[in-house]
Structure formats: C-alpha cells, structure tokens
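J.: here is my input; please provide its structure:
(one chain, ligands or ions: 1)
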Amino acid sequence: MSAEKKTRAGRLLITGATGGMGRVCAQLAAAAGYDLVLADLSAEKLETIAAGCAQHGADIQCHTLDVTRPDSIAALTQTLLPEREAGKGLDALIHTVGVSPQMASWDRIIDIDLVGTAAFLEAAFPTLNAGACAVVISSMSAYMAPPNADIERVLAAPLAPGLMDALRAIPGQTIENPGLAYSYAKRALKQYVGDQAANWGSQGKRIVSISPGLIDTEMGRLENDAMENFEAMRSRVALDRLGKPEDIANTALFLLSDKAAYITGCDLLVDGGFVGTLNREMRQRAGS
Ligand SMILES: NC(=O)c1ccc[n+]([C@@H]2O[C@H](COP(=O)([O-])OP(=O)(O)OC[C@H]3O[C@@H](n4cnc5c(N)ncnc54)[C@H](O)[C@@H]3O)[C@@H](O)[C@H]2O)c1
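T.: Okay, the predicted model is just below:
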C-alpha cells in the first residue's frame with residue numbers, strides 16, 4: 001500500500017453519482033482523499049465519472065442502482081456487506097438520487113424520492129461502519145408545501161404496504177400533482193431523517209439531510225425554464241445568485257467530517273437565503 005493510500009479520508013458511497021450534484025460530490029470527495037463507491041442508473045456514465053476521479057488516486061468501484069427495484073438495492077448491498085465484514089465497510093454516504101416535477105409523474109416522484117430512497121437507506125444502514133454518516137439530499141420545496149395532515153400521516157411511514165392506495169384515497173387529490181408530490185416527498189424525507197436519528201445513533205452513526213435551493217444543474221435548469229414566475233423566485237435568493245453543485249457538495253463533505261460530529265437527525269437549508277426571504281414576505285403579506 002502506498003503512503004498516500006494510508007492517509008485516505010475513508011470510503012464513501014455516492015448515489016446519483018452521474019447527476020449534477022452527485023458527480024461534483026464525487027470529484028470533490030476524491031480530491032479530499034475519499035475512496036469511492038459510485039452508484040447510479042447508467043453503468044456507462046458511471047465509468048466516465050470514475051475516470052475523472054481516478055486522477056486523485058482514489059480507489060473507485062461502480063455499481064448500477066435503481067432505488068425502485070428491491071433486487072437492484074439487494075445486489076449493491078450484497079457486495080457491500082461482505083466488504084464490511086472483511087473490515088472494508090463504508091465510512092460515509094451521500095444520497096443524491098431524485099427526480100423533479102418536470103421529470104416524472106406524481107407517483108413516480110413518491111416512488112423514487114421517498115419510498116425508494118427510504119428502502120435504500122434501510123438497506124445501506126448495515127453496510128456503514130460505526131461512526132459513519134449519511135447525507136441525504138432533500139429540497140427547499142420541503143418547506144413550501146401547504147400543511148396537509150392526511151398526506152403527511154401517510155408519508156410518515158414510507159415503507160408501509162399500500163402507501164400509494166392510501167394516498168389515492170385521500171380526498172381532494174392534492175398530491176396527484178408532480179409539483180406538490182415533490183414537495184411532500186421531500187418534506188417526508190426530511191422528517192424520515194429526523195425519525196431515524198435514534199436508531200442510527202444507537203450504533204454511533206449519524207444521518208442528516210440537506211435542502212438545496214435553486215441549484216444550477218441540468219435538473220435545476222429544467223425546473224427553472226418551466227417556471228412562469230422564475231424571475232420572482234430568483235429575486236428571493238438573498239445571496240443574489242443560483243447555487244452551484246459545489247455549494248451542496250462542500251456542505252455534504254463538511255457534514256461527513258468530524259467537524260460535524262454532533263450534527264444528526266436534522267436538515268440544513270442550503271438555499272442562499274431563499275426560504276428566509278419567502279417566510280418574511282409571507283408574514284408581511286399576512287399582516288397587511
Ligand atoms: N438542482 C436543483 O435545483 C435541486 C434543488 C433542490 C433539490 N434537488 C435535489 O438534489 C438531488 C440531486 O439533483 P441534481 O440536480 O443533481 O439532479 P440530477 O437529475 O442531475 O441527478 C439525480 C440523479 O438521480 C439518479 N436517479 C434518478 N432516478 C433514479 C433511480 N430510480 N435509482 C437510482 N438513481 C436514480 C439520476 O440518474 C441522476 O443521476 C435530487 O434529489 C434533487 O431532487 C435539486
């Protein structure tokens with residue numbers, strides 16, 4: 001083993017690794033000294049990302065993963081579990097998988113962003129070493145959906161059988177809209193992370209979510225282009241710029257580090273001040 005190998009930062013699994021945020025997480029993590037396990041839908045795209053990260057001396061494995069398919073999740077964990085038993089477990093996880101309102105129907109969004117994500121996190125839990133941390137990407141949309149006790153009660157148990165039927169049975173069909181489904185799914189994911197803190201903490205592991213704002217990725221551009229009121233939305237960003245994938249990746253790397261050792265079970269808004277500005281605006285409107 002080379003001197004450099006002995007000082008690697010740890011072993012990090014990144015899901016959605018070929019996406020806008022995932023691939024920047026991979027590049028920055030490799031440069032920071034992590035060895036990587038990269039997972040996403042396309043094997044070909046994963047190889048391209050891995051080749052870009054290899055220059056930093058990282059040991060890199062690639063796995064295809066579809067979080068909506070239990071056999072695909074099992075295939076990944078069946079590789080990772082024996083590795084943990086052999087003393088080569090994961091020290092960290094960044095889960096960026098998601099689809100946005102312009103990309104999928106409401107039920108597909110629930111299936112990927114919440115149900116598949118929760119199923120994946122449960123399966124990944126035993127592959128992580130004691131002391132490991134998982135960072136899960138939610139969205140600032142989680143802060144923006146109107147409260148709906150019926151929807152939120154059903155989504156609070158994302159792995160319960162019959163979840164989709166229970167959602168369809170809620171009067172008003174509020175969730176049968178991709179934009180609202182995305183917001184409720186991401187809010188439920190944020191809550192799931194909080195709910196999991198005790199279980200993860202009992203094994204010395206942490207779990208945290210990040211809620212990004214308007215981030216300049218392919219997904220972000222797709223959503224922004226479809227927004228009628230994009231300029232009004234954009235004007236609420238207190239820092240007066242779109243977020244970069246690096247803003248999210250650097251926050252994730254901080255949360256994985258020992259500097260964040262007492263942070264678990266909570267959400268970090270990385271939105272350039274969007275939600276704070278929106279909340280102030282709404283209070284002012286309500287008061288006028
Ligand atoms: N870009 C933004 O403005 C923004 C804002 C808030 C939150 N987010 C969230 O951040 C995360 C990353 O977003 P991004 O901009 O990098 O998007 P992206 O579309 O570039 O990346 C998402 C990745 O998820 C993967 N994926 C989709 N379905 C999957 C499945 N069933 N199984 C496994 N992988 C799957 C895709 O292949 C893709 O690589 C998403 O969860 C998104 O909801 C993005």
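
J.: going forward, measure contacts between C-alpha atoms and count neighbours the same way
T.: Will do.

J.: for this structure, which spans come out with low pLDDT?
T.: Residues of the chain meeting the criterion pLDDT under 70: 1-7.

J.: that one against the ligand: which residues are in contact?
T.: Neighbours of the ligand within the chain, by C-alpha under 6 Å from any ligand atom: 16-22, 40-41, 65-68, 96-100, 112, 137-140, 212-220.

J.: if you set the cut-off to 5 Å instead, what comes out?
T.: 16, 18-21, 40, 66-67, 96-98, 139, 212, 214-215, 217, 219-220 (C-alpha under 5 Å from any ligand atom).

J.: narrow these to those in helices?
T.: G20, M21, M219, G220 (DSSP state H).

J.: neighbour count and distance to I263 for the residues you listed - can I get that in JSON lines?
T.: Supplementary listing: those in JSON lines, determined by neighbours: other C-alpha atoms under 10 Å; distance: C-alpha to C-alpha, whole Å:
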{"residue": "G20", "neighbour count": "19", "distance to I263": "25"}
{"residue": "M21", "neighbour count": "24", "distance to I263": "22"}
{"residue": "M219", "neighbour count": "19", "distance to I263": "28"}
{"residue": "G220", "neighbour count": "17", "distance to I263": "27"}
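
J.: sec struct for R241, please.
T.: Secondary structure assignment for R241 (DSSP: H, G, I helix; E, B strand; the rest coil): coil.

J.: and whichever strand or helix holds K186, what does it pack against?
T.: Using DSSP states H and E, K186 sits in helix 178-201. Judged by 3 or more C-alpha pairs under 8 Å, 6 or more residues apart in numbering; DSSP states H and E, the packing partners of helix 178-201 are helix 106-109, helix 149-155, strand 206-212.

J.: tabulate those (a markdown table), appending mean neighbour count.
T.: As requested, the helices and strands packed on helix 178-201 are arranged in a markdown table below (neighbours: other C-alpha atoms under 10 Å):
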| stretch | mean neighbour count |
| --- | --- |
| helix 106-109 | 21 |
| helix 149-155 | 16 |
| strand 206-212 | 26 |
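
J.: redo these as CSV? Include distance to A198.
T.: Shown next, in CSV, are these (distance: least, C-alpha to C-alpha, whole Å):
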stretch, distance to A198
helix 106-109, 27
helix 149-155, 19
strand 206-212, 9
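
J.: can you list the strands that the strand ranked longest in the chain pairs with?
T.: The single longest strand within the chain, with elements called by DSSP state E, is strand 128-137. Using DSSP bridges, the strands paired with strand 128-137 are strand 90-95 (parallel), strand 206-212 (parallel).

J.: what's the angle from that strand to helix 178-201?
T.: 160 degrees (axes from the mean of the first three to the mean of the last three C-alpha atoms, to 10 degrees).

J.: so how far is strand 128-137 from its chain's centroid?
T.: 12 Å (C-alpha atoms, centre = their mean, to the nearest Å).

J.: again, but for stretch 180-194
T.: 11 Å.

J.: how about the CA coordinates for that stretch, as CSV?
T.: The C-alpha trace of stretch 180-194 is given here as CSV (Å, rounded to 0.1, in the frame of the first residue of the first chain):
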residue,chain,number,x,y,z
LEU,A,180,-46.9,19.1,-4.8
ALA,A,181,-45.8,15.4,-4.8
TYR,A,182,-42.2,16.5,-4.9
SER,A,183,-42.7,19.0,-2.0
TYR,A,184,-44.5,16.4,0.2
ALA,A,185,-42.0,13.7,-0.7
LYS,A,186,-39.0,15.9,0.2
ARG,A,187,-40.7,17.1,3.4
ALA,A,188,-41.4,13.5,4.4
LEU,A,189,-37.8,12.6,3.6
LYS,A,190,-36.6,15.4,5.9
GLN,A,191,-38.8,14.0,8.6
TYR,A,192,-37.7,10.4,8.0
VAL,A,193,-34.1,11.5,8.6
GLY,A,194,-35.1,13.0,11.9
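
J.: how long is stretch 54-74 end to end?
T.: Terminal residues of stretch 54-74 lie 27 Å apart, using C-alpha to C-alpha, to the nearest Å.

J.: ok, stretch 90-103 next?
T.: So stretch 90-103: terminal residues 31 Å apart, C-alpha to C-alpha.
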